[in-house]
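Visitor: here is a sequence together with a model predicted from it:
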Amino acid sequence: GQSLEQPSEVTAVEGAIVQINCTYQTSGFYGLSWYQQHDGGAPTFLSYNGLDGLEETGRFSSFLSRSDSYGYLLLQELQMKDSASYFCAVRDGGSYIPTFGRGTSLIVHP
Amino acid sequence: ETGVTQTPRHLVMGMTNKKSLKCEQHLGHNAMYWYKQSAKKPLELMFVYSLEERVENNSVPSRFSPECPNSSHLFLHLHTLQPEDSALYLCASSQDHSSGANVLTFGAGSRLTVL
């Protein structure tokens, strides 16, 4: 089977930088994705890493190290609207279907 | 309409009722998914359809019955549910169920309460 670990909660202040880590154990690996979900809303796709390194999309960046089975989502210049849950998801070599972590609740304070 | 639309948004049902959740995608995607989201648990994959054929069934109880009449529509038929089935049921779609599955587009979900 597969498992993903990410912190349950992270807090930060407006304007700060925060990093949300995700470690995974899978048999085979076909990519790590990140999703954002506001309370009462749909998860929305943020970023995807298929190869090692950093992917940047505006204020959000995502990093992957396949040798360490580890990735992170970096959020810069935090805004109040970034308060949400963030999920990492991995496609493994078994079913190829994304498996999700439990999610990290990000709370941004003024 | 655009994206993935789920109806109803909220549903309350008794344990003996039969109801259905509906999902419709307007993205031209070929794969559709049902996920269950319960408090403090990861999203749990229930079913995956690719071009109207079921490609994954994640040991889901038979009281949940999916139906995919075409690549744009997905249903989840519910009968004799248990209170522990209360959750947010999320529908998603992707271009395909292989490399395209790295990017899922989700609907807003159907919040189900079983009394």
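Guide: Received, thanks.
Visitor: who does the residue most central in space within chain B bridge with?
Guide: The centroid of chain B falls nearest to residue B:34 when counting by C-alpha atoms, centre = their mean (2.9 Å). Beta-bridge partners of residue B:34, counted by DSSP bridges, are residue B:47, residue B:91.
Visitor: pLDDT below threshold where in chain B?
Guide: For chain B, applying pLDDT under 70 flags the ranges B:1-2.
Visitor: what does it put close to chain A?
Guide: Within reach of chain A by C-beta under 8 Å from any C-beta of the partner chain, chain B has these residues: B:4, B:33, B:35, B:40-43, B:45, B:48, B:56, B:90, B:97-99, B:101-109. Where you see a C-beta, it was placed from the backbone N, CA and C, and this is true even at glycine.
Visitor: please check the residues you listed and keep the buried ones.
Guide: By neighbour count, with 16 or more other C-beta atoms under 10 Å in any protein chain shown, the residues of chain B next to chain A hold B:4, B:33, B:35, B:42-43, B:45, B:48, B:56, B:90, B:97, B:101-109 as buried.
Visitor: which of these fall in helices?
Guide: Among these, no member is found in helices (DSSP state H).
Visitor: of those, which belong to strands?
Guide: Taking DSSP state E as the definition of strands, those contribute B:4, B:33, B:35, B:45, B:48, B:56, B:90, B:105, B:106.
Visitor: hang on, isn't the first one packed against residue B:105?
Guide: Yes - between residue B:4 and residue B:105 there is a contact under C-beta atoms under 8 Å: 5.4 Å.
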